[in-house]
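**Q** Mind looking at a prediction? Sequence and model below.
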Amino acid sequence: MTSETDATDMDAARARLTGLTCLGITAVGWGLNWPLMKILLRDWPPLFSRGLAGVAAACILAAIAASRGQSLAAPRAIIPQLLFASFTNVFAWMGLTTVAMKFIPVSEGALIVYTMPIWTLLLAWPLRNMRPALRDVAAVVLGLAGVALLLGGGGGAPFSGDRLLGIGLSLAAAILFALGNILNRKPLPLPPLAAVAWQVGLGCLVMLVLGMVFEGPRYLELSAAGLACLVYMMLIPMAVCYLSWFETLRRLPPAGASAGMLLVPVIATVAAAVALGEPLGVREMAAIGLTLGGVALALGRV
């Protein structure tokens, strides 16, 4: 009996270690994507570049799903749910945040959009009749105080039109993603990889078409650095990181996995300071601490 118990404990420890490793890969991959996206925007406009990377990544995910024997067929009955999920989870989340990167620093954009658990908590009151408790009020106060501290130091023009547009787009992305979390409570009846491939493909295809029609991209102006960032976006955040995220969820409790994602805006902010020379001082670190403290409290309820 003791040997069986020891074997079970060892299996659980290995599963946890694998889960933590996959969580680290996911957080680093998604965190580094923020400053690299900013570099790519020097060459190509946001919707076109993110849409192209997403469509290519969706094809990769679909191929991986098919190689694993997962069906890619989407029943007609789930199309409305699939379209809504594609809008909130991909078009709003990826598209709006990418456009926002043209107007605000990575640290601001990443921190604002990762407040989505706070907005989920607030929207759950009218939509799911979940009244906020004292813990929830503390989460909102901490989170918004951190964001306010960060945005309050926006250089010489904290209320310029471009900066306000970037902040508004980031907030819209966070709120729409939170709305999707509430209204998409029923999971899509598709295998995990197939569900992601469909959502990323549909959401990013709309971005790609809009970018080609309205942004007028100059296709041949992609630098070597921009090409490297594009390839990274295709392969790592939208393919490898989704695979590692699913492995994380298989091996770690959902609350622990979600809390681990708080590393993403921290990694993004530090990487942007190194790669782009964006500010990283006491104010930024205090803002990160306050905001993520509030988000951690909110995660306990959502």
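**A** Here it is on my side, so go on.
**Q** Show me which positions of stretch 10-17 end up buried.
**A** Using 16 or more other CB atoms under 10 Å as the test for burial, stretch 10-17 gives no buried residues. No exception for glycine: its C-beta is placed from N, CA and C like everyone else's.
**Q** And for it, what's in contact with it?
**A** Residues outside stretch 10-17 that contact it (CB atoms under 8 Å, 6 or more residues apart in numbering) are 251-252.
**Q** so Cys59 touches Gly201, yeah?
**A** Yes: between Cys59 and Gly201 there is a contact under CB atoms under 8 Å: 7.5 Å.
**Q** The two: which is more packed in?
**A** A count of neighbours by other CB atoms under 10 Å puts Gly201 above the other of Cys59 and Gly201, at 20 against 15.
**Q** Quick one: neighbours of the nearest residue to the more buried one once chain neighbours are set aside, just the number.
**A** Spatial nearest neighbour of Gly201, chain neighbours left out: Ala58 (3.3 Å); criterion: CB to CB, 6 or more residues apart in numbering. Neighbourhood size, Ala58 [other CB under 10 Å]: 24.
**Q** Next one: Ala58 from Leu72, what distance?
**A** To Leu72, Ala58 is 11 Å away according to CB to CB, to the nearest Å.
**Q** Which residues are in contact with Ser244?
**A** Ser244 touches 22-23, 25-26, 29, counting by CB under 8 Å, 6+ apart.
**Q** ok, residues contacting stretch 293-302?
**A** Under the criterion CB under 8 Å, 6+ apart, residues 114-115, 117-118, 120-121, 124, 130, 133, 135-136, 138-146, 181, 255, 258-259, 262 lie in contact with stretch 293-302.
**Q** again, only this time at 7 Å
**A** With contacts defined as CB atoms under 7 Å, 6 or more residues apart in numbering, stretch 293-302 is touched by 114-115, 117-118, 120-121, 124, 135-136, 138-140, 142-143, 146, 255, 258-259, 262.
**Q** and those residues, which are buried?
**A** Among the contacts of stretch 293-302, the ones that count as buried by 16+ other CB under 10 Å are 114-115, 117-118, 120-121, 124, 136, 139-140, 142-143, 146, 258-259, 262.
**Q** hmm, back to that, make JSON lines out of the contacts of Ser244 and add distance to Pro279.
**A** Shown next, in JSON lines, are these (distance: CB to CB, whole Å):
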{"residue": "Cys22", "distance to Pro279": "32"}
{"residue": "Leu23", "distance to Pro279": "28"}
{"residue": "Ile25", "distance to Pro279": "28"}
{"residue": "Thr26", "distance to Pro279": "26"}
{"residue": "Gly29", "distance to Pro279": "24"}
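**Q** Looking at these, state which has the most neighbours.
**A** Thr26 (27 neighbours).
**Q** Let me see the contact set for that one.
**A** If a contact means CB under 7 Å, 6+ apart, then Thr26 has 241, 244-245, 248 as its contacts.
**Q** quick one: which of those residues has the most company?
**A** Neighbour-wise, the contacts of Thr26 (other CB under 10 Å) top out at Thr248, 26 neighbours.
**Q** Which ones among the contacts of stretch 293-302 lie within helices?
**A** 117-118, 120-121, 124, 135-136, 138-140, 142-143, 146, 255, 258-259 (DSSP state H).
**Q** for this structure, what spans make up the helices?
**A** 2-40, 46-67, 79-86, 97-100, 106-113, 116-128, 134-151, 161-183, 192-210, 224-235, 241-251, 254-260, 263-276, 282-299.
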